[in-house]
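Trainee: Sequence first, then the predicted structure:
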Amino acid sequence: MTSIFNPFTLQIPTKILFGRGRSAELPGHMRPYGRRVLLVYGGGSIKKTGLYAHICELLKDFEVFELSGVDPSPRITSVNAGGRLCREQHIDMVLAVGGGSVLDCCKLICDAALYEGDAWDLVLDPAKIKGALPLFAVLTLAATGSDFNCGAGITSLERKEKRDVIVPCNYPKVSVLDPALTMTVSRRQTAAGCADIISHVLEQYLVGGSAMLTDGLCEALLRTVIKFGPRAVENGEDYCARTNLLWASSLACSGLCALGSESSVWPAHAIEHEVAAYFDCTHGESLAVLTPVLLRLTLNEKSAPRYAALARAVFGVKERDDFAAARAGIKALQDLFAALGLPGRLSALGVDDRSQFAAMARHVCANKPLHEAFVALDEALVLELLQQSF
Ligand code: NZQ
Ligand code: ZN
């Protein structure tokens with residue numbers, strides 16, 4: 001493993017309001033941007049939890065328009081509907097209230113508000129994004145880090161495609177992170193969120209050269225999820241666990257975990273996007289299945305020392321031999337996912353048609369530089385991975 005420190009650029013313009021009750025401060029931050037707000041949320045959890053009523057009260061001095069029903073793995077159809085609403089109603093700003101899906105959808109709505117055509121054009125070619133409405137967010141689920149980054153994953157089930165759009169104008173202006181708002185997240189979604197956070201760190205940590213300081217951050221984040229993930233799954237109202245997971249989720253996907261290190265092509269996420277596009281599975285659950293299989297398939301002379309370092313630093317593995325340590329680490333990761341109640345196979349996630357795997361492997365290799373992964377992946381290896389994950 002090479003210790004390096006590559007040059008980097010970092011600019012995270014998002015203001016984070018972290019802690020209980022911080023949403024009360026939102027109106028003050030929003031007021032300078034106008035009065036007409038598009039409030040966007042998902043399938044109704046915010047109504048059940050009472051957050052919707054609270055937000056409406058907060059926005060009583062604004063003119064509020066609404067878009068609801070944003071799906072997990074948000075669809076381009078919601079983006080187009082939101083963009084149209086913004087243009088027709090001369091919306092000044094967007095307020096996302098929900099998990100990563102609502103936030104991601106809103107990022108593209110903010111872009112689509114300034115674009116007359118089909119928003120899928122923007123997903124295919126983000127250079128066409130010429131600006132965005134201001135975005136504010138109240139996050140309700142610890143997983144994606146969408147509150148603290150400028151990325152968004154958008155799906156077109158019709159085209160069988162899920163793509164990431166990463167543009168600097170999509171950083172939220174302000175994100176409210178109130179751990180209390182995550183206490184109603186189900187066991188299943190809490191566990192999926194933990195797997196997602198872990199995957200975000202591993203995607204950036206498992207590279208050929210990294211900065212020691214950044215490694216330390218990655219390892220601390222992983223240890224945090226290992227400690228508090230099971231506690232939050234066991235008792236959703238464990239405020240301390242929810243707090244730690246929430247901040248871990250933001251840091252893990254903020255870019256900080258890659259500073260100074262070699263860049264990564266995020267192979268697990270690339271393959272997960274195929275699974276989501278073809279079978280509409282839950283993001284974190286797919287990652288929990290794919291990641292251990294990916295690590296096993298890519299364990300070789302080159303990767304063994306790095307995988308072993310992970311196992312020793314994070315899972316307390318004592319094996320001196322790198323291969324043995326790496327295998328023990330992968331097993332510990334799989335055991336953690338099982339302890340969180342996460343499914344171990346794609347077939348348990350609703351993936352029911354293996355005949356699609358070849359097309360998925362072909363598609364991902366044609367669109368993502370997986371040959372540049374820490375251990376290069378080709379179509380045959382991705383196909384093998386999908387088969388073994390089934
Ligand atoms: O839709 P509602 O009714 O709100 O219910 C949601 C949804 O069913 C529910 N939920 C959210 N907060 C809740 C709650 N239920 C009870 N109490 C609460 N407080 O949880 C379900 C899942 O929500 P979703 O937003 O889909 O989950 P998550 O935050 O895991 O987001 C997943 C999406 O984010 C993308 C993924 O690809 C996926 O589409 N990602 C975004 C990233 C980014 N922007 O940087 C990075 C990630 O790698 C990820 O790709
Ligand atoms: Zn993810």
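Mentor: Right, received. Where do you want to start? Ligands and ions are numbered 1, 2, ... in the order given.

Trainee: which residues touch the spatially closest residue to Ser68 that is not a sequence neighbour?
Mentor: In space, Ser68 comes closest to Tyr41 once its chain neighbours are excluded; the distance is 5.3 Å by C-beta to C-beta, 6 or more residues apart in numbering. C-beta: built from backbone N, CA, C; applies to glycine. Shown here is Tyr41, whose contacts under the criterion C-beta atoms under 8 Å, 6 or more residues apart in numbering are Tyr52, Glu66, Leu67, Ser68, Val70, Ala96, Val97, Gly98, Val102.

Trainee: Ok, Lys368 next?
Mentor: Shown here is Lys368, whose contacts under the criterion C-beta under 8 Å, 6+ apart are Val265, Pro267, Ala270.

Trainee: Quick check: the gap between it and ligand 1.
Mentor: Computed with C-beta to the nearest ligand atom, to the nearest Å, the distance linking Lys368 and ligand 1 is 14 Å.

Trainee: for the most centrally placed residue in the chain, helix, strand, or coil?
Mentor: Averaging the C-alpha coordinates of the chain gives a centre point, and the residue nearest to it by C-alpha atoms, centre = their mean is Thr144 (2.9 Å). Of the three states, Thr144 takes coil under DSSP: H, G, I helix; E, B strand; the rest coil.

Trainee: and it, backbone torsions?
Mentor: In terms of degrees, to the nearest 10, the main-chain angles of Thr144 are phi -90, psi -30.

Trainee: That one touches Cys253, doesn't it?
Mentor: Yes - contact status for Thr144 versus Cys253: in contact at 6.2 Å, counting by C-beta atoms under 8 Å.

Trainee: Now the phi/psi pair for the residue nearest to Ser68, please.
Mentor: Torsion angles at Tyr41 (phi, psi; degrees, to the nearest 10) stand at phi -150, psi -180.

Trainee: One more: Gly69?
Mentor: Backbone torsions for Gly69, taken as degrees, to the nearest 10, come to phi 80, psi 20.

Trainee: Run a quick neighbour tally on it.
Mentor: Applying other C-beta atoms under 10 Å, we find 14 other residues in the vicinity of Gly69.

Trainee: Let me see the contact set for it.
Mentor: Remark: with contacts taken as C-beta under 8 Å, 6+ apart, Gly69 is in contact with Gly42, Gly43, Ser78.

Trainee: Drop anything exposed from those residues.
Mentor: Gly42, Ser78 (16 or more other C-beta atoms under 10 Å).
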